[in-house]
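Asker: Sharing a model prediction with you, sequence too.
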Amino acid sequence: MIKIKKDLCDFCGTCVSVCPDDAIELFETRVIINNEICTDCLRCVKVCPFDVLEAGS
């Protein structure tokens, strides 16, 4: 499960572009990760330029 530090996100969309499962949706002021289809590949965590995403349990 990927967790979002929402107060740090600038909604750049980098995480959306690397997600192979299309599990991340970006809106104007929020990011939503669908953990039901996310396979925890951690690509989004690795590419986030602001360290907003983290692997959780």
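Answerer: Arrived safely, thanks for sending.
Asker: Can you give me every residue that contacts residue 26?
Answerer: Taking Cβ atoms under 8 Å, 6 or more residues apart in numbering, we find residue 26 in contact with 11, 13, 15, 16. Glycine gets a C-beta too; all of them are placed from N, C-alpha and C.
Asker: Going by neighbour count, which of those comes out on top?
Answerer: Within those, most neighbours by other Cβ atoms under 10 Å means residue 15, with 25 neighbours.
Asker: how close does that residue sit to residue 4?
Answerer: 9 Å (Cβ to Cβ, to the nearest Å).
Asker: Isn't residue 3 up against residue 54?
Answerer: Yes - with contact defined as Cβ atoms under 8 Å, residue 3 reaches residue 54; the gap is 5.3 Å.
Asker: Which neighbours do residue 15 and residue 4 have in common?
Answerer: Common neighbours of residue 15 and residue 4 (Cβ under 8 Å, 6+ apart) are 31, 52, 53.
Asker: First-to-last residue distance for stretch 27-45?
Answerer: Length of stretch 27-45, first residue to last, Cα to Cα, to the nearest Å: 18 Å.
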